[in-house]
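In: Whatever this is, show me its structure:
(chains A and B)
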Amino acid sequence: MIPNPLRDPRDRRLPRVPEPCALVVFGITGDLARKKLLPAVYDLANRGLLPTNFALLGFARRDWGDEDFAELARSAAQKAARTPWREEVWERLAGNVRFVQGSFDEDNAFDQLAATLGELEGTHGIGGNAAFYLSIPPAMFPVVLKQMQRTGMADSTPDRWRRVVVEKPFGTDLASSRTLNGLVDSVFSAEDVFRIDHYLGKETVQNLMALRFANTLFEPVWNGHHVDSVQITMAEDVGIGGRAQFYEQTGAARDVLQNHLLQLLALTAMEEPVEFSADEIRTEKLKVLRAVSLPEDLAAFAVRGQYEQGWLAGQRATGYRQEDGVDAHSTTETYAAVRLGVETRRWAGVPFYLRTGKRLPRRVTEIALVFKRAPHLPFADTDTEELGNNQLVIRVQPDEGMTLKFGSKVPGSVMEVRDVAMDFLYGEQFTEASPEAYERLLLDVLLGDATLFPRNHEVEASWAVIDPLEEFWAGTTPQPYRAGEWGPRAADEMLAAEGRRWRRP
Amino acid sequence: MTTLWDTTGSAVVKELAAQRRTGGAVLSGVALTLVVVADENRVAEAEEAATAAAEQHPCRLLIVVRRQIEAPAPRLDAEVLIGGRLGPGEAVVMRMYGRLALHAESVVLPLLAADAPVVTWWHGTPPDQLCTDALAVIADRRITDSSMAEDQFAALRARAEDYAPGDTDLAWTRSTPWRSTLTSSVDAVSGRRGEAVRVLGGRVEGDPGSATALLLAGWLSARCGCEIPVVSGEKRPGPSGVSAVALDLDQDEQVRVQADRRGGAVISQPYRPEAMVALPDRQLGDLIGEELRRLDPDEPFAEALESTTGIPDLAYRSPVREYVWFDPAEENAGSGGATLPAVPPDSEGTDDVAQQGVDDPDQGARDAGQTVP
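Out: Here you go, the predicted model:
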C-alpha cells in the first residue's frame, strides 16, 4: 500500500479500509449471494470498512434494471444483516449498485460489463480496482474466465488490481483441480486468486494460531509425546436440502473432508510459521498436507455412511435415497470418517480421526486433542475409575470457544477422581460481535490479504489425500445409519479397534 | 438485584458471591473491571452507557457515586445486580457519603476482578491531577471527557499537564470516524496517483472551543508536519464540534470532508465525483465500547494532545502514578486546613479512616498508598 501521512501503525483505532474498488458478483441472484454476500457487504459498509469509492456490480441472466436489483439486494441484506439496519447506510450503498444482465456465453453482455466497469471508474472513482466473485457452478468457470480474458478485465496492471474469488468445490479430484487451477491461473496471476474456505474466516480458527503460537502453555504438549489422538468433527443436522443434484456427484468426502476438515487438520498440526504472513502460513500448512498419510488398511480405517430415515430433533427425517432428486439406489456417502496420519517428527504415530456427516444429532464443529493417560497413577484403581483422558477441545461452532477437560477430586472423605471441564466461551470474554466469516474474508480479498485463503498447492495436496479414498470407495455401498444418530456403527468400531472412542461433541 | 443500605465493603463482596452462586447461568469469565465515577445527576446516563459498553466487552461494572462529602457520618449504600438492568455481567452501584467518598478505593479494591485490567471512567469533572483520586491510581487505563468541561481547551491542557500513558479522553474517541474518513480519503487520492501524497496544510471547520475539533486539528498537524488550525465554520457543527475538514495536498489538490448532519459526510476530491460516507454521531456507550477494545497506551492520542496543547514529551512520562492525598475539605477550610477539624465532631469513633486522615494527613496518604497494588 502507498504510504499515507495520516496512517500510523500504532493507531489501531483506524480500521483497515481497502482502496477504492468495485466488487463484481457473478450469479448475484443465487443463494450464496443473497444469504451471505449481500448482507456481508452491507455489514462492512455499516461498520465503515468499505472504501469511500466503492461499487457493487451484479451479473446474472435475469432481465432486471438497477432498481430491481437494488430492491433484491436490499431485502437480502436486510434479512440477513448482522449489524443494525441503518437506512442511510443502505441508501449510500444503493447509489453505487449496478446490474448487468446477460448470460455467460454472450459476448456483448461481457462487453457491457467491461464498459460498465470502465464507466464506474470515472463516475464512482473506483480507480480500476475490481474483485470478481464467481458465485456460480464450477462448470461455468471456463466460459466466464475466457470471457474475462477476452475483454481484458482480468489483467492486473501496476495502476490497478484485479482479483478473483472462487468458492469450493475446487475440482472433484486431483486431475480436475489441476485443470481448474491451471485455467484460473492462466487468466489471473496466482496471487490474485482467492479460494474461499469460509471456515478459515471463523474467529476460533484464527484463534487456533494465537492459542498455539502466542502462549507458552500449550506448545510443549502439542506433539506425539503427549497427544494420544486428535479428533476433528464437523457434524450437520440438516440433510442435503435442495442440493441433490450437486450432492449426488459430490458426497461428504469431497464436499467437506477435502477442504474444511483438512484445513483444520493443517492448522492444528502445522509448525510455527516464521512470521504471521500469508506466504509463511501457507508454506507451513502445505508441509502438513503433504505429510498426511492414509492408513494401509482402508477397509478398517475409512468408513462412509448414508443416512436412512429416522427422527431428528423431534421431527421425522426422510432417508437420503428418498430425498427429491436422489437416485433410489444412490451410493453417494453423506457421512465419512477416516484415520489419517501426519508423518512428521512431531506427529508420527498420532492418529488424526476426521469425520463429517449430515443428519447427525446436532450441528457442531470441533477439534479435540485427546492426551495420553498419566504413565503412572499413585491412586488405587477404584479411585480413578471415572477419570478419562485429558482433553483440549476447540469448538469452532457453535459456542465458539475452548474446553479443557481434566480430572479433579470429588469432594468427600474418600479419594475419587472424576473429569471436570474448564470452559472458555468466546462470547463471554469478547461479546463484541465478531465479524461473520464472509464479511472478514470479503474484506481480506479487497485488502489483498491472502492469509486465510488456501492456495492452489494446498488444494492439490488435499485432493492427493482424498483421491485414493474415493478410488477405494468407488463401487462400494455406504454403511447405513439412521438420521439422528452419530453415524454408522462401523465408524465406532473403527476407533474401538484401537481402544478409543469418539467424543460426543 | 439486592440493595444493601448502610452497609460495608465486605457485605458487598459477600452479596456478589452469593448472587453468583444462586444466579444460575452467569458469565464465568470477566475480561476487565470498569469503574465509573459519576455524579448523582449523571448516574442514569453513565449507567446506560456503561451497560451498552458492557454488552460489547463483558466486564465487572462498578459505579461509584460520591455524595455529600461534608456529611457527618460516612455511609455506603450498594446495589448488587447480576444479569439485570446493567447488562449481562456483574454490576455494583455504590453510593458513598461523607468521608468514605475520599476512600472509595477501600470498597472498590476487593471488588476488582482478579488479575484483570481496571479501567476507570469519570463521567463528570475529573480531578485536575488524577493521582489525587485513588481510583485513578489503581486503574490501567483512565478515561476522561474534556468535552464536558466549560472551557474545553483548558480541560485539554489540564489533561496534558497531568498526562500519563494509559490516559485517554472521549473527546479523542469522538474524532475516530473523522480520522478514519480522512485517512481513507487520502488513500483514495494516493491510489489514483499511484504515489504517496503530501499534506501541505488545511483547516478544521467547526467550533474552535470544541475539544474534539482541537484534538483532530492537533492530530492532523502532528501527522502532516504543518499547522492545521480550527476555524469557525459557516454551519453549526454537530456534537463532535467538527463540521468539515479541508486538506491541501501537493500538486495543488484539495480534499474536503463535509458532514451533512444526517449521519453522513460528503467527500470532495479532485478528478472524482463526490462520495457519500457514513459518519454517525455515536452514543456514549459506543465511545466507551471503543475505549475498552484496547487497553494499551494510545500513542497517537499523546501525540495529538501534545500538538494541541504544546506541552511536549507526553509519551515519555511514567505510566505509574503515585497516590497523593488530597482533601477537598482542607482546601475549603483555607490555608491552615490541616489543623482544622474537617469532620464534624459527631462522627468521632465511627469513622477511623476519616479521623486518621485528619489527625495526620501524611499518615493517611501512606495508608492509602499501601493499599495500591
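In: C-alpha from now on. contacts and neighbour counts both.
Out: OK.
In: What is the neighbour count of residue A:200?
Out: 22 (other CA atoms under 10 Å in any protein chain shown).
In: Residue B:316 now?
Out: If you count neighbours by other CA under 10 Å, residue B:316 ends up with 10.
In: which residue is nearest the middle of chain B?
Out: Centroid-nearest residue in chain B, with CA atoms, centre = their mean: residue B:143, separated by 2.0 Å.
In: how about stretch B:134-152 as PDB, C-alpha atoms only?
Out: Only the C-alpha atoms of stretch B:134-152 are listed here, as PDB (Å, rounded to 0.1, in the frame of the first residue of the first chain):
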ATOM      1  CA  ALA B 134      -7.100   6.500  44.300                       C
ATOM      2  CA  LEU B 135      -9.500   5.100  41.700                       C
ATOM      3  CA  ALA B 136      -7.200   6.500  39.000                       C
ATOM      4  CA  VAL B 137      -4.100   5.100  40.600                       C
ATOM      5  CA  ILE B 138      -5.400   1.500  40.600                       C
ATOM      6  CA  ALA B 139      -6.500   1.800  37.000                       C
ATOM      7  CA  ASP B 140      -4.600   0.500  34.000                       C
ATOM      8  CA  ARG B 141      -6.500   2.900  31.800                       C
ATOM      9  CA  ARG B 142      -8.200   6.100  32.600                       C
ATOM     10  CA  ILE B 143     -11.000   7.700  30.600                       C
ATOM     11  CA  THR B 144     -11.900  11.400  31.000                       C
ATOM     12  CA  ASP B 145     -14.200  13.500  28.900                       C
ATOM     13  CA  SER B 146     -12.900  17.000  28.200                       C
ATOM     14  CA  SER B 147     -15.900  17.800  26.100                       C
ATOM     15  CA  MET B 148     -18.000  18.100  29.300                       C
ATOM     16  CA  ALA B 149     -15.900  21.000  30.600                       C
ATOM     17  CA  GLU B 150     -16.900  24.600  30.400                       C
ATOM     18  CA  ASP B 151     -13.600  25.600  28.900                       C
ATOM     19  CA  GLN B 152     -12.600  22.600  26.900                       C
END
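In: average pLDDT across it?
Out: Stretch B:134-152 shows a mean pLDDT of 92.
In: Can you mark which positions in that stretch are buried?
Out: Neighbour counts over stretch B:134-152 (16 or more other CA atoms under 10 Å in any protein chain shown) mark B:134-149, B:152 as buried.
In: With stretch B:227-237 instead?
Out: Buried residues in stretch B:227-237, counted by 16+ other CA under 10 Å: B:227, B:228, B:229, B:230, B:231, B:232, B:233, B:237.
In: which residues sit in contact with the nearest residue to the fifth one once chain neighbours are set aside?
Out: Computed as CA to CA, 6 or more residues apart in numbering or on different chains, the closest residue to residue B:231 that is not its neighbour in sequence is residue B:205, at 5.0 Å. Residues near residue B:205 by CA atoms under 8 Å, 6 or more residues apart in numbering or on different chains: B:213, B:230, B:231, B:232, B:233, B:242, B:243, B:244, B:245, B:246.
In: among those, which one has the lowest pLDDT?
Out: pLDDT is lowest at residue B:233 among those; the value there is 79.
In: For the stretch 201-350 of chain B, which segments are assigned as strands?
Out: Counting by DSSP state E, counting those that start in this stretch, one finds strands in the stretch 201-350 of chain B at the ranges B:230-232, B:242-249, B:253-259, B:264-269, B:272-278.
In: Could you list every helix and strand in contact with the fourth one?
Out: Spelled out, it's strand B:264-269. The contact analysis (3 or more CA pairs under 8 Å, 6 or more residues apart in numbering or on different chains; DSSP states H and E) places strand B:264-269 against helix B:176-193, strand B:253-259, strand B:272-278.
In: any residues touching the first one, and which ones?
Out: The reference is to helix B:176-193. Residues outside helix B:176-193 that contact it (CA under 8 Å, 6+ apart): A:2, A:4, A:6-7, A:13-15, A:17, A:19-20, A:51-53, A:127, B:196-197, B:216, B:255, B:257, B:267, B:269, B:277, B:279-280.
In: likewise the last one?
Out: If you take CA under 8 Å, 6+ apart as the criterion, strand B:272-278 is touched by A:46, A:48, A:52-53, A:88-89, A:92, A:122-125, B:181, B:263-268.
In: please redo it, this time with the cut-off set to 7 Å
Out: A:48, A:52-53, A:89, A:92, A:122-125, B:263-268 (CA atoms under 7 Å, 6 or more residues apart in numbering or on different chains).
In: got the angle for it vs helix B:176-193?
Out: If you take axes from the mean of the first three to the mean of the last three CA atoms, to 10 degrees, strand B:272-278 sits at 150 degrees to helix B:176-193.
In: a markdown table please, covering the buried residues of stretch B:227-237 and showing distance to residue A:482.
Out: Formatted as a markdown table, these follow (distance: CA to CA, whole Å):
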| residue | distance to residue A:482 |
| --- | --- |
| B:227 | 74 |
| B:228 | 72 |
| B:229 | 73 |
| B:230 | 72 |
| B:231 | 74 |
| B:232 | 74 |
| B:233 | 72 |
| B:237 | 66 |
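In: And these, which two are furthest apart?
Out: Pairwise distances among the buried residues of stretch B:227-237 were taken by CA to CA; the largest, 21.5 Å, belongs to B:227 and B:237.
In: Can you tell me the element residue A:404 falls in?
Out: Assigned by DSSP states H and E, residue A:404 belongs to strand A:401-409.
In: average pLDDT for whichever helix or strand comes after that strand?
Out: Scanning forward in sequence from strand A:401-409 by DSSP H and E, the next helix or strand is strand A:417-425. For strand A:417-425, mean pLDDT is 86.
In: Can you point out the buried residues in strand A:417-425?
Out: Within strand A:417-425, the residues scored as buried using 16+ other CA under 10 Å are A:417, A:419, A:420, A:424, A:425.
In: which residues are in contact with that strand?
Out: With CA under 7 Å, 6+ apart as the test, strand A:417-425 has contacts from A:383-384, A:386-388, A:399-410.
In: For the helix or strand hosting residue A:90, buried residues please.
Out: Of the helices and strands defined by DSSP H and E, residue A:90 is found in helix A:87-94. For helix A:87-94, burial by neighbour count (16+ other CA under 10 Å) applies to A:88, A:89, A:90, A:92, A:93, A:94.
In: Domain map for chain B?
Out: Domain assignment for chain B by automatic domain parsing gives B:2-170+B:319-370, B:176-278.
In: what about residue B:2, distance to residue B:44?
Out: According to CA to CA, to the nearest Å, residue B:2 stands 18 Å off from residue B:44.
In: And the residue of the stretch 101-250 of chain A closest to chain B?
Out: residue A:125 (5.3 Å; CA to the nearest CA).
In: Check whether that residue sits in a helix, strand or coil.
Out: The three-state label given to residue A:125 by DSSP: H, G, I helix; E, B strand; the rest coil is coil.
In: what's it sitting at in phi/psi?
Out: Dihedral pair for residue A:125: phi 60, psi 40, per degrees, to the nearest 10.
In: ok, now which ones touch it?
Out: The neighbourhood of residue A:125, defined by CA under 7 Å, 6+ apart, consists of A:53, B:272, B:273.
In: in the sheet, who's paired with the second one?
Out: Using DSSP bridges, the beta-bridge partners of residue B:272 come out as residue B:269.
In: How many neighbouring residues does it have?
Out: By other CA under 10 Å, 19 other residues sit near residue B:272.
In: same thing with the first one?
Out: Using other CA under 10 Å, residue A:53 has 28 other residues around it.
In: if I look at it, how far off is residue A:130?
Out: 12 Å.
In: What are the phi and psi values at the residue in chain B positioned nearest to chain A?
Out: Nearest to chain A in chain B, going by CA to the nearest CA, is residue B:56, at a distance of 4.2 Å. When read as degrees, to the nearest 10, the backbone of residue B:56 gives phi -80, psi -40.
In: I figured it was touching residue B:290, is that so?
Out: No: assessed by CA atoms under 7 Å, residue B:56 is found out of contact with residue B:290, at 9.1 Å.
In: Give me the more crowded residue out of those two.
Out: residue B:56 (24 against 18).
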